[in-house]
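K.L.:
Have a look at this fold, sequence not included:
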């Protein structure tokens, strides 16, 4: 049974500067809840009870967010604001959350390797904080089920347009008879459209066999001079006897890449539209204000 998850959160968030100069990108809000809480909630829904966050400098806000704040709780309770109190206390009860720092930015593979002592010799989930998965979907649960059946490592895949594949790891796959998942036969990190073996991109959800640690120990820095998790998983595709092979679940639900400015804005608007307290008025405002014939304000042309 998979009960542990690793959430790498050491990135500097340079695409969101200047706000990320003093605030972790994982704390960017989707209306009134930070992105990182959506990720931990997803893990909790899948039965994860233990979460290890790999952090870096200027990430103290993550620890504060998932900690108790008795003075605030007491103030809300005295005011009778029970709904706000429930929201404030919810984050601290989602899981047992631990933290370790990645001192040097040596890549996702290096970050995962740092979790070895905490994870131990058992399969574990990895959730990347930039990927927001629709909470109505059961992607992580599906990955856990496939890992239990196969004993290998399992990654989430998603079909993308050929011109977009260069932003992802890309998987070559073959069907598994009678199953809804596929076996991954090769992986390429950020290929060109010409080099890509398929249009199946690796997105930020994994359930990994502990065999990944032995491979990461000897994985040389790859693209960008960093230790790439994709390279380690590729090794496991070539030596299935060492770790049970690598499998993929093709996800066809809704996903937002909150590491990209435009997609982050889409996530905020989309999820706000679904809220009972905001959706109706926001939809009305959007309908009144979105007019493609309206010229771009002069002040916006220079941003």
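P.N.:
That came in fine, so what should we check first? Since we're looking at a predicted model, the values are computed, not measured.
K.L.:
Excluding covalently adjacent residues, which one is nearest to the residue nearest the centre of the chain?
P.N.:
Residue closest to the average C-alpha location in the chain (C-alpha atoms, centre = their mean): residue 128, at 2.5 Å. Excluding the flanking residues, the one nearest residue 128 by C-beta to C-beta, 6 or more residues apart in numbering is residue 204, at 2.9 Å. Yep, even glycine has a C-beta here, placed from its N, CA and C like the rest.
K.L.:
so who does residue 128 touch?
P.N.:
7-8, 108, 203-205 (C-beta atoms under 8 Å, 6 or more residues apart in numbering).
K.L.:
let me fix that: residue 211
P.N.:
153, 236, 242-244 are the contacts of residue 211 under C-beta under 8 Å, 6+ apart.
K.L.:
Any figure for the gap between it and residue 235?
P.N.:
Separation of residue 211 from residue 235 (C-beta to C-beta, to the nearest Å): 10 Å.
K.L.:
what do you get for residue 54?
P.N.:
21 Å.
K.L.:
So for those two, which residue has more residues nearby?
P.N.:
Neighbour count, other C-beta atoms under 10 Å: between residue 54 and residue 235, residue 54 has more, with 24 against 19.
K.L.:
ok, the more buried one touching residue 5?
P.N.:
No: Residue 54 lies out of contact with residue 5 (C-beta atoms under 8 Å); the separation is 11.3 Å.
K.L.:
Helices of the protein, start to end?
P.N.:
Taking DSSP state H to define them, one finds helices in the chain at 35-45, 60-65, 70-79, 82-90, 108-113, 116-119, 139-150, 211-217, 229-238, 240-243, 261-273, 279-289.
K.L.:
count of neighbours near residue 188?
P.N.:
21.
K.L.:
Show me which residues of stretch 43-52 are buried.
P.N.:
Buried positions in stretch 43-52, judged by neighbour count with 16 or more other C-beta atoms under 10 Å: 43, 46, 48, 50-52.
K.L.:
per-domain residue ranges of the chain.
P.N.:
Per the record, the chain has its domains at 4-259, 260-290, by automatic domain parsing.
K.L.:
Now tabulate those domains in CSV and tack on mean pLDDT.
P.N.:
Output for the domains of the chain, formatted as CSV (pLDDT from 0 to 100):
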stretch, mean pLDDT
domain 4-259, 93
domain 260-290, 94
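K.L.:
Return the most buried member of those.
P.N.:
Highest mean neighbour count among the domains of the chain (mean count of other C-beta atoms under 10 Å): domain 4-259, with a mean of 18.
K.L.:
How far away from the center of its chain is that domain?
P.N.:
Averaging C-alpha positions (C-alpha atoms, centre = their mean, to the nearest Å) puts domain 4-259 4 Å from its chain's average.
K.L.:
And the spatially closest residue to residue 10 that is not a sequence neighbour, how far from residue 136?
P.N.:
Distances taken as C-beta to C-beta, 6+ apart place residue 56 nearest to residue 10, at 3.7 Å, with adjacent residues excluded. Per C-beta to C-beta, residue 56 is found 32 Å from residue 136.
K.L.:
Thanks again, I'm all set now.
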